[in-house]
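Colleague: here is my input, please return the structure:
(chains A and B)
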Amino acid sequence: MKNTLENLILEVLKKLDIPACAGGEVKDISLEHPADLKMGDYSTNVAMVCAKKLGINPKELAEKIVEELNKNKIKEINNIETKNGFINFYLSRNFFVDSVKEVLENKNFGKNNLFNGKKVMVEYTQPNPFKPFHIGHLMSNAIGESISRIVEFSGAKIVRANYQGDVGPHIAKAIYQMLKNENNTSSVMVESVSLVEKANYIGNSYAKGNDAYENDEEAKKEIDEINRKVYDRSDKNINEIYDWGKVVTLEAFEEIYKKLGTNFNYYFFESIVAPIGLKIVYENCDQDKPDSVFEKSDGAIVFHAEKYNQKLHTRVFINSKGLPTYETKELGLTQIKFEKENPDLSIVITANEQEEYMKVVSKALEIMNPEIASKMKHIVHGMMRLSSGKMSSRKGNVITGESLIIESCDKILEKIKNRDFTDEEKKQVSNDVGVAALKYSILKQNIGGNIIYDADKSISFEGDSGPYLQYSYARANSILEKAKSENILPSFVFSRLDFKSSKRSDLYIFEIEKLLYRFPEIVERSAKEFAPHYIANYLVDIARAFNTFYGNSKIIDKNDLMSSYKVALTLAFSNVMKNGLYLLGIKVPERM
RNA sequence: GCCCUUGUAGUUCAAUGGAUAGAACGAAGCUCUUCUAAGGCUUUGAUGUAGGUUCGAUUCCUACCAAGGGCACCA
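Modeller: Take a look at the predicted model:
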């Protein structure tokens, strides 16, 4: 539709002999949906832009253009008018009814081909064994999963990857603490203890070990020693705890992924990636050559990124003990990704605290392997902070990602306890809705900014929330079932008649129609910008339109000729809502 | 000190350089003998400061102020 209108406008410009604009070389011309539905369905500023070039009155030019446009109006256009220099197009009932029809008939409604034939690898979540699954991992997971689905919906083949630190100081800290509490540790390392308890024990050990590392010189020495032993596997006792703890924490993570709805294709580990990175760095470090990428400095091997871009800074790639840092591991990781899958685009999603490091790593990569570097994309998200000061890591009452999920799900369970569900259904619904509440609160806003998480607010599921969207879907679904039982089938027979723009109940219908056909554009924009929040905001808009319609008119009514079309509209809404929520990684309960 | 990001109703967030800056929460009022009230309908209120570019700036540029992050052997 947009292309059709653009062509019509171009033709008119040619006719009016406005060559400066007719050639299309003016970039400022836009054709878009106006914010206000009263301003029509499409709107263009072409008259204002051209008038400026020609030095004439924009309003007069707009009127001339409208006059020409009206000479051969196509059937999808109802009316064209001009206001304040804008030219507004009003589409006809035919167009809207056909677009609702398309939602029902086209199984691929909403898809686009932005990434057709491309393979895209997305790395996200990245929790570390021996550490708790914290809130940041939850954010990365929600964002990564949603971006994966959106890009997949846009034609790409998606490869989901997770990257985990199975070596390094954090492991040594946890093991140090577990060795100290040997009795407790051995009592946890038995079959009868649940996975959750085991994982909690390890997570708490890490927190205490970390504390000791920072405040106790003796402990620091011991931990450094354990760290070395973890690398070279020279201590039988440590190996035993390490192997056990790694399996336990990874299994606990799998339980969380299951709840969140993620399936990874690859798990990359730092222990595998580190030697590859070391090799790359050593191969590109030669003091005798003036163009050596890496240089020795104070016993470490560093990269002077500021040489290439003064906004960047120097970073250590291999420390003075010969151990690789995060930067070097990242180089190894990237190489392995391209060896295994050779993606057209490789996305890494992390918190924004890693943005500056990544720029340096990416500059080093660019010098050594520009082709791969050009296919890398780093997407950063903000940090989740709690609105109340209740959380304190020192007191040990850290809120983990997992505890947030559990808290949220429990609240839902409480809310639906009197509903007519089996225990199994209750469990399923409370899980789906609880997870939706969290995911939505992460995805509804631009991913770059910090999120202020208010536990109390996320528990109240009103208004702008995941459960609100699910609830709207469940209501629609319940209508569709009732329609089926009363034998009112979706139909378009009376959809083109008897609608009046002056009738309120009809206005509610128009609003849903006007939002429905925009869904594919919204998805495409989300894919182009890797920004799920456009979809989240759109879904709230359409849910609100549907709920208004629902609250103010009766849909199932045997005496109403329009009832079958209203059912068709309800079905179209439920399809779009279902697809939209899928793209956010949110499940849709049929009842709730 | 340098670099990056962010400043929008009381609060949490929207707004591809466009029209009267949208929602939600909160607050006040109304609404279930009718398809799920986790709903619907009213009312209330905002672009950090100072310049610049533009027919038009929340959006782009400059300075300042404020918040967050990063600046060598943690990730």
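
Colleague: sec struct for the closest residue to RNA strand B within the stretch 401-550 of chain A, please.
Modeller: Going by Cβ to the nearest atom of the strand, RNA strand B is nearest to A:G463 of the stretch 401-550 of chain A, at 2.0 Å. The way it works is simple: take the backbone N, C-alpha and C, and place the C-beta from them, glycine included. The three-state assignment at A:G463 reads coil, by DSSP: H, G, I helix; E, B strand; the rest coil.

Colleague: how many neighbouring residues does it have?
Modeller: A:G463: 10 surrounding residues under other Cβ atoms under 10 Å.

Colleague: in chain A, which helix has the most residues?
Modeller: Ranked by residue count, the top helix of chain A under DSSP state H comes out as helix A:236-260.

Colleague: would you mark the buried spots in that helix?
Modeller: Under the neighbour-count criterion of 16 or more other Cβ atoms under 10 Å, helix A:236-260 has A:238, A:241-242, A:244-246, A:248-250, A:252-253, A:256-257, A:259-260 buried.

Colleague: around RNA strand B, pick out the residues from the stretch 1-150 of chain A.
Modeller: The stretch 1-150 of chain A has residues A:28, A:30, A:32, A:34-36, A:38-40, A:43, A:45, A:48-49, A:52, A:83-86, A:88, A:128 near RNA strand B, with proximity defined as Cβ under 7 Å from any atom of the strand.

Colleague: so is the longest helix of chain A next to RNA strand B?
Modeller: No: using Cβ under 7 Å from any atom of the strand, helix A:236-260 stays clear of RNA strand B, with a minimum separation of 14.9 Å.

Colleague: contacts for that helix, please.
Modeller: Applying Cβ atoms under 8 Å, 6 or more residues apart in numbering, the contact partners of helix A:236-260 are A:125, A:127, A:129-131, A:133, A:138, A:141-142, A:145, A:164, A:166, A:171, A:174-175, A:178-179, A:185, A:189, A:195-196, A:198-199, A:202-203, A:226, A:229-230, A:233, A:263-264, A:401-402, A:405, A:431, A:435, A:439, A:585.

Colleague: of those, buried ones?
Modeller: Buried residues within the contacts of helix A:236-260, counting neighbours by 16+ other Cβ under 10 Å: A:125, A:127, A:129-131, A:133, A:138, A:141-142, A:145, A:164, A:166, A:171, A:174-175, A:178-179, A:185, A:189, A:198-199, A:202-203, A:226, A:229-230, A:264, A:401-402, A:405, A:431, A:435, A:439, A:585.

Colleague: mind listing the strands for chain A?
Modeller: Listed in chain order, the strands of chain A (DSSP state E) span A:31-32, A:42-44, A:77-83, A:86-91, A:119-123, A:157-164, A:266-269, A:295-297, A:300-304, A:314-318, A:345-351, A:376-381, A:384-386, A:451-453.

Colleague: from the chain's centre, how far out does the first one sit?
Modeller: Strand A:31-32 sits 26 Å away from the centroid of its parent chain (Cα atoms, centre = their mean, to the nearest Å).

Colleague: can you list the strands that it pairs with?
Modeller: According to DSSP bridges, strand A:31-32 forms sheet pairs with strand A:42-44 (antiparallel).

Colleague: can you give me the helices for the stretch 51-200 of chain A?
Modeller: Using DSSP state H, counting those that start in this stretch, the helices of the stretch 51-200 of chain A run over A:58-71, A:93-105, A:135-153, A:169-180, A:182-188, A:195-215.

Colleague: could you dump these into a markdown table and include mean pLDDT?
Modeller: Shown next, in a markdown table, are the helices of the stretch 51-200 of chain A (pLDDT from 0 to 100):
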| stretch | mean pLDDT |
| --- | --- |
| helix A:58-71 | 87 |
| helix A:93-105 | 92 |
| helix A:135-153 | 96 |
| helix A:169-180 | 93 |
| helix A:182-188 | 90 |
| helix A:195-215 | 89 |
